[in-house]
Structure formats: C-alpha cells, structure tokens
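structure for the following, please:
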Amino acid sequence: MLEIDKEMLAALAPLGAAMPPEAPAVGDWRTRRANIDGLYGFLAAGASGDHRDITTMDLSTTSADGHDVPLRLYRPQGDTKALVVYFHGGGLIAGSVDGYDHVHRRYAAEAGVTVVAVDYRLAPDAPYPAALEDGVAAVRWASEHVAEHAPGTAVAVMGDSAGGGLAAAVAVVCRDRGIGPVAAQLLIYPMLDDRTVGTTPAVEPFLTWSVGDNVTGWTAYLGDAYGTDAVPALAAAARTEELAGLPAAYVEVGQLDLFCVETVAYATRLMGSAVPVHLVVRPGAFHGFDQFAGESHAARAAIADRVVFLQHL
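Residues are numbered from 1 along each chain as shown. Prediction:
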C-alpha cells in the first residue's frame, strides 16, 4: 500500500490552511494563477536561509518573436561551478522569478553555481511556443555570456514541474538548433506529457497537482490543439521522438505525483537513447514535496542530491 511520508504529511496541515477549501473548475486558469502565486508567496515567506550573500543582477534577452525576456542572474561568492538556466514551476499558467527568488538563491549558495532565472511568458496570455522560445533565448544568452559571468564552466538547464518540462523541451530545441552546448538537464518532477489525464486510485488521494489542474494548464498552453494529434512534438517533451544526443539528465519525481509515470517513462527513453541518466523516484513524496515539506528528511536528501549533481558538471 502506498503511504505518504509522515514528515511530509505533518507539513501539509499549515499549507492546507493557506489554500482555498474548494478546487476551481477545470479550465479556470485565473483562479489557479491567483492560488499558485499566493502559495508561492506563502512558501517564500517561510523559507529558511535566505542567502543574502548571493549577488543578483536583472538582465534581459530577446526571444525569437522580438519579445523582451527578463532574466535574473544569481552569483555566489568565489568561484562558480556552472551556469544554470532555471525555469520556475506554475503549470505553465502561473509563477515568476520573484516567487522563486529563495529557490534560486539556495541553489546558487549551496551548489556554488551561477543561476540565470527566466521570467518566461505564461499561458494563455502567451500560448505555445512563447514560453519555449523564451527559454531557448535564455540558453542562447547564457552560452554567449558564460565566459563573462561564470568563466570556464558548463551551461545546464534546470526546472521543476512546468519548468522541468520546459527545461526538457529547451534541451531538445538547443540540440536541434546547435545552441550551447548544454552540458546537463535537471528535471525535477517535470510536466512532460499533455496526454496525462489520470492516475491510479492509490495515488489519487495524495495529488497536490490534480488532473483538473493539469488539464487546465495544458489547455491554456496548447489552445485548440489540446487533446488532438495536432499538438507539436516540441510543445510537450514526451512527444519528442528522437532523444539521442541530448545532454546528461538528472530526473527526479515523487511516487505520489501525477507526473510519476510520465517522468519514469521519459527517463527510460533517454536511457534507451544512450543518454546518461540519474533517475530518482522518492517513495512517499508528492508533487512539490521539496517546497511544501522542505524540512523533511526526503526533501533535504533531494536537495543534497541535486547539489552534488550540479557540483560535478
């Protein structure tokens, strides 16, 4: 029988009190955006170790359609191990660099990496391919400026949830367009497959990102193409047929996550295409466990594993 990690279960009580009692209707992205951004604010306020010794700089680059993409660079003290382009979560419909400020600072400080956080455009205001092209532009910028901000280091892409899915898709585009090189992709409980519309009854009670949330996010991003064969392969990384030649991957997901099956399937396909993969499935862990239950042993172990991976790029 699947059970939730006891430390994580205890952490959910104050989180539940901060959330509305009823889930919004499927398709209601506005309410979800407000709820998600409010939740990120709640989590940021309670985050420990704000790492104020990290130097920040607001920059920008230009996307393929001429859009100005805001970037924020986080640089640790001393030598830096890598330049990591980070994509925040939010189901493709919510989130921001500001809401993830504490996340970016933590990786910069604990892993000793320079982080380039991407304020990509959100759906449905800017549907596919806006977020993807913003991400590609950010990697191009990082590749062109790595010698300036992180000399002698590798460029990697990283993200969680929707940001993890974007990091995966951006890695594919950068391979195809010859942008980079991208040394690694860190995909944390990534949103990879628009075709995921359900899970097992054993997992259903533990979902912090529900089927209704998922349908809403993908519909906002894909528009009328959602649910059809007209969805472009690059709109959802799991639809990409050719995975050979992609960068080494750190792939992580909780066993009680809606994205568990699609994440393991993608990691398995990467391995089958001779891509080096470090795959971790956390038992008893739900979507967003590292933020929602950050003091749990499982969350601490997850952060430590990611930090080690980043330090050895």
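
check what pLDDT the residue nearest the centre of the chain gets.
Centroid-nearest residue in the chain, with CA atoms, centre = their mean: Asp160, separated by 2.1 Å. We have a pLDDT of 98 for Asp160.

wait, it sits on Ala168?
No. Judged on CB atoms under 8 Å, Asp160 makes no contact with Ala168 at a distance of 11.6 Å. Just so you know, the C-beta spots here come from the backbone N, C-alpha and C atoms, and that holds for glycine as well.

list the residues that contact both of the two?
Pro190 (CB atoms under 8 Å, 6 or more residues apart in numbering).

can you give me the strands in the stretch 51-200 of the chain?
Secondary structure of the stretch 51-200 of the chain (DSSP state E, counting those that start in this stretch): strands located at 55-62, 68-75, 82-87, 114-118, 154-160, 184-188.

for those strands, give me a markdown table that also has distance to Gly198.
What follows is the strands of the stretch 51-200 of the chain, written out as a markdown table (distance: least, CB to CB, whole Å):
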| stretch | distance to Gly198 |
| --- | --- |
| strand 55-62 | 38 |
| strand 68-75 | 34 |
| strand 82-87 | 26 |
| strand 114-118 | 31 |
| strand 154-160 | 22 |
| strand 184-188 | 22 |
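
Leu39 is nearest to which of the ones you listed?
With distances scored as CB to CB, the stretch of those nearest to Leu39 is strand 154-160 (13.8 Å).

elements contacting that closest one?
strand 82-87, helix 130-149, helix 162-177, strand 184-188 (3 or more CB pairs under 8 Å, 6 or more residues apart in numbering; DSSP states H and E).

partners of that strand in the sheet?
Using DSSP bridges, strand 154-160 pairs in its sheet with strand 82-87 (parallel), strand 184-188 (parallel).

and the shortest one, how far out from the chain's middle?
Taking CA atoms, centre = their mean, to the nearest Å, one finds strand 184-188 lying 8 Å from the centre of the chain it belongs to.

before we move on, what about the longest one?
The gap between the average C-alpha position of strand 82-87 and the chain average comes to 11 Å, counting by CA atoms, centre = their mean.

residues in contact with it?
Contact partners of strand 82-87, identified using CB under 8 Å, 6+ apart, comprise 100, 103-104, 107, 111, 113-118, 120, 135, 138-139, 142, 146, 149-150, 153-159, 162-164, 166-167, 170, 183, 186, 310, 313.
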